[in-house]
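Q: Give me the fold of what follows.
(one chain, ligands or ions: 1)
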Amino acid sequence: MNDTFVFDYSGAAPLIKPGAEDLEPEISRIHHALHNGRGPGSDFTGWLDWPETYDRDEFARIKETAKRIRDNCDAFVVVGIGGSYLGARAVIEMLKPSFYNQLPAEVRQGPEIYFVGHQLSGEYLTGLLAILKGKDVCINVVSKSGTTTESAIAFRFMRRYLEDRYGEKEAAKRIVVTTDEKKGALKQLADEKKYECFVIPDDIGGRYSVLTPVGLFPVAVAGIDIDQLMAGAAEARQAYMDERLQENPCYQYAAVRYLLYRKGKKIELLVNTLPQMHYFAEWWKQLFGESEGKNNRGIFPASVSYTTDLHSLGQYIQEGERHLFETVIQVEQPGTDLTIFKDNQNLDGLNYLVGRTMNEVNQKAVEGTLIAHAGGGVPHLGVRLPALTPYHVGWMLYFFKKACAVSGYLSGANPFDQPGVEAYKKNMFALLGKPGYEAEKEKLKNQIVK
Ligand code: PA5
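A: Here you go, the predicted structure:
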């Protein structure tokens, strides 16, 4: 057990009686299936040992290239979607100051960082190109398949922008590609144009890839210590190696979610109590949603930010349908804090808080909320970490990835595939007239949604 990162399910105790449902043998079976590569989707479990097995030479090259970009670029654009986007964004937002891009360059000491290719908006891309005017720009395009429509369209525009501005040769020095080692359209282009490349390992799927070059390279460009990120993940890997449910908090999280689901708690709200964790929740939603939402089953992963959402969704959570549980992430030491000062007039009535920090007030608000929600029939699980540092973030990423894999197996799903993602693509290609989709188009004729 460790005190670095704590998982606590006492907030679900009225519903979950430890020992009442003996999941110990099933968890032990799943542990062995996962570690011995005998479970469904076992070709995609490379992330399990990755914090130990990752390629040190490539890691060194990631740091060198990131330094070159930090020293020479004003703006860095990451092009990608889903698993090729959310991890990097989540880590950067958690570990860089709020309003990072707007800070003066001498304070920032690295390029502004932007993301594109994670939707299909001409408005957004136009806005981005306007922001880049007059700045020295480098980009990282991330796509395992190399053919994802959203990121491929954005890359087409970004590449033309760089080539028009710098010429083809100089543009090539400003484009870094993260993709498959050997195959795919992006790999072919990268080889032709001699772009610097990083590899997305074959045995690691998008939503499990944050600690590969997919996440590590943008995170390093942001100036975050990736050695520490990997160190945290490596220690989490060791810490969550015990097959016994009673000794493994990571497996307890998986087991408790499973039991809550069986008791009708079909929606899990990941609760952020710090605004910089918004994108962590987006990453977590993809991880669990794509891993478990299969065969007409699975907890629906949603997220809320407190206290912001107490003023919008708070009413529903307190008194709406009782199919919710919360998983609350609490960070003991926020980066910076402010102490509330005295106001002689005290018209706002806040002088009772003089000398207390905003973080203390936030913690009390969350504590009060959880008591109220428990009274209203919403159980909660708690995850606590001492601070948002690269080490603790690396640990937390590993915790949730392993818990997700075990949780997926517990619910009978293959947590490493995503067949349902193809359905929209097939229809979109047919509707757009992509060659090869004529038969699909015919089938859709009477189904068009007006
Ligand atoms: O988890 C996944 O597999 C997906 O979210 C993919 O990462 C996403 O669709 C992007 O795919 P690609 O990296 O091939 O562009």
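Q: Would you state the helices of the stretch 51-200 of the chain in chain order?
A: Along the stretch 51-200 of the chain, counting by DSSP state H, counting those that start in this stretch, helices occupy 56-72, 86-95, 105-108, 122-131, 149-166, 168-173, 185-193.
Q: Show me which residues of this protein sit near the ligand.
A: 81-84, 143-145, 148, 151, 205-207, 290, 418 (Cβ under 6 Å from any ligand atom). Placement of C-beta: from N, CA and C, glycine included.
Q: Tell me which residues touch the residue nearest the centre of the chain, please.
A: Nearest residue to the geometric centre of the chain (Cα atoms, centre = their mean): W283, 2.2 Å. By Cβ atoms under 8 Å, 6 or more residues apart in numbering, W283 lies in contact with L86, G87, R89, A90, R207, V210.
Q: ok, back up a step: which of the helices of the stretch 51-200 of the chain is buried the deepest?
A: Ranked by mean neighbour count under mean count of other Cβ atoms under 10 Å, the helices of the stretch 51-200 of the chain are led by helix 86-95, which reaches a mean of 25.
Q: name the helices or strands packed onto it?
A: strand 112-116, helix 213-221, helix 278-292, helix 390-410 (3 or more Cβ pairs under 8 Å, 6 or more residues apart in numbering; DSSP states H and E).
Q: how does it look with 10 Å?
A: With contacts taken as 3 or more Cβ pairs under 10 Å, 6 or more residues apart in numbering; DSSP states H and E, helix 86-95 sits against strand 75-79, strand 112-116, strand 137-142, helix 213-221, helix 226-239, helix 278-292, helix 390-410.
Q: among those, which is nearest T53?
A: helix 226-239 (10.2 Å; Cβ to Cβ).
Q: The closest residue to the ligand within the stretch 201-350 of the chain - nearest residue in space that isn't next to it in sequence?
A: Nearest residue of the stretch 201-350 of the chain to the ligand: G206, at 2.3 Å (Cβ to the nearest ligand atom). What sits nearest to G206 in space, not counting adjacent residues and going by Cβ to Cβ, 6 or more residues apart in numbering, is G83, at 2.1 Å.
Q: Check K426 too.
A: Nearest to K426 is E440, by Cβ to Cβ, 6+ apart, at 5.7 Å.
Q: so the longest strand seen in the chain versus helix 278-292, what angle?
A: Looking across the chain with DSSP state E, the single longest strand is strand 324-333. Angle between the axes of strand 324-333 and helix 278-292 is 140 degrees (criterion: axes from the mean of the first three to the mean of the last three Cα atoms, to 10 degrees).
Q: Show me what counts as buried in strand 324-333.
A: For strand 324-333, burial by neighbour count (16 or more other Cβ atoms under 10 Å) applies to L324, F325, E326, T327, V328, I329, Q330, V331.
Q: And stretch 138-148, by the same measure?
A: Buried, per 16+ other Cβ under 10 Å, within stretch 138-148: C138, I139, N140, V141, V142, S143, K144, S145, G146, T148.
Q: Quick check: the two most widely separated of those?
A: Checking those with Cβ to Cβ, the most distant pair is C138 and S145, at 22.9 Å.
Q: Hmm, L229 and T389 touching each other?
A: Yes: between T389 and L229 there is a contact at 9.2 Å, judged by Cβ atoms under 10 Å.
Q: Which residue of those two possesses the greater neighbour count?
A: L229 (27 against 20; other Cβ atoms under 10 Å).
Q: What's the separation between the more buried one and R174?
A: 25 Å (Cβ to Cβ, to the nearest Å).
Q: same question, R207
A: 28 Å.
Q: With D136 instead?
A: D136 is 9 Å from R174, by Cβ to Cβ.
Q: Pull up the overlap in contacts between those two.
A: I69, N72, C73, F76, R165, Y166 (Cβ atoms under 10 Å, 6 or more residues apart in numbering).
Q: Enumerate every residue touching the third one.
A: Contacts of C73 were listed using Cβ under 10 Å, 6+ apart, and they are G110, P111, E112, K135, D136, V137, C138, I139, R174, V221.
Q: For it, report the pLDDT, please.
A: What the model reports for C73 is a pLDDT of 97.
Q: The fourth one now?
A: F76 is assigned a pLDDT of 98 by the prediction.
Q: repeat for the last one
A: The predicted local confidence for Y166 comes out at a pLDDT of 97.
Q: And it, how close does it get to L310?
A: Taking Cβ to Cβ, one finds Y166 at 48 Å from L310.
Q: next one: the third one
A: Between C73 and L310 the distance is 40 Å, computed by Cβ to Cβ.
Q: Likewise for the fourth one?
A: For F76, the distance to L310 (Cβ to Cβ) stands at 35 Å.
Q: These two: which is more packed in?
A: F76 (26 against 18).
Q: Can you tell me how far the more buried one is from the ligand?
A: F76 sits 19 Å away from the ligand, going by Cβ to the nearest ligand atom, to the nearest Å.
Q: Now for the closest residue to V406 other than its chain neighbours: which residues touch it?
A: Spatial nearest neighbour of V406, chain neighbours left out: A254 (4.0 Å); criterion: Cβ to Cβ, 6+ apart. By Cβ under 10 Å, 6+ apart, the residues touching A254 are 23, 27, 30, 245, 248, 402-411.
Q: With A75 instead?
A: Neighbours of A75 in contact, by Cβ under 10 Å, 6+ apart: 101, 111-114, 128, 131-139.
Q: so which strand or helix has the one residue in the stretch 351-450 of the chain that gets nearest to the ligand?
A: Taking Cβ to the nearest ligand atom, the ligand has its nearest neighbour within the stretch 351-450 of the chain at Q418, 5.5 Å off. Of the helices and strands defined by DSSP states H and E, none includes Q418.
Q: so what's it up against?
A: So Q418 contacts G82, G83, G205, G206, R207, Q286, G289, E290, S291, G293, K294 (Cβ under 10 Å, 6+ apart).
Q: re the thing from before, farthest pair within the contacts of A254?
A: N248 and S411 (17.9 Å).
Q: who has more neighbours, those two?
A: Shown here are N248 and S411; by other Cβ under 10 Å, N248 has more neighbours (24 against 21).
Q: can you pull the alpha-carbon coordinates of stretch 409-429 into PDB?
A: Extracted C-alpha coordinates of stretch 409-429, given in PDB (Å, rounded to 0.1, in the frame of the first residue of the first chain):
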ATOM      1  CA  TYR A 409     -12.800  -7.900 -18.300                       C
ATOM      2  CA  LEU A 410     -15.100  -8.000 -15.200                       C
ATOM      3  CA  SER A 411     -18.000  -6.800 -17.200                       C
ATOM      4  CA  GLY A 412     -17.300  -9.300 -20.000                       C
ATOM      5  CA  ALA A 413     -16.000  -6.800 -22.600                       C
ATOM      6  CA  ASN A 414     -12.900  -6.700 -24.600                       C
ATOM      7  CA  PRO A 415     -11.500  -3.400 -23.200                       C
ATOM      8  CA  PHE A 416      -9.000  -3.000 -26.100                       C
ATOM      9  CA  ASP A 417     -11.200  -2.800 -29.200                       C
ATOM     10  CA  GLN A 418     -13.700  -0.200 -30.400                       C
ATOM     11  CA  PRO A 419     -15.800  -1.700 -33.100                       C
ATOM     12  CA  GLY A 420     -18.600   0.700 -32.500                       C
ATOM     13  CA  VAL A 421     -16.500   3.700 -33.600                       C
ATOM     14  CA  GLU A 422     -16.600   2.500 -37.200                       C
ATOM     15  CA  ALA A 423     -20.400   2.800 -37.600                       C
ATOM     16  CA  TYR A 424     -20.400   6.600 -37.900                       C
ATOM     17  CA  LYS A 425     -17.400   6.600 -40.200                       C
ATOM     18  CA  LYS A 426     -19.000   4.200 -42.600                       C
ATOM     19  CA  ASN A 427     -22.100   6.400 -42.900                       C
ATOM     20  CA  MET A 428     -20.100   9.600 -43.100                       C
ATOM     21  CA  PHE A 429     -18.000   8.200 -46.000                       C
END
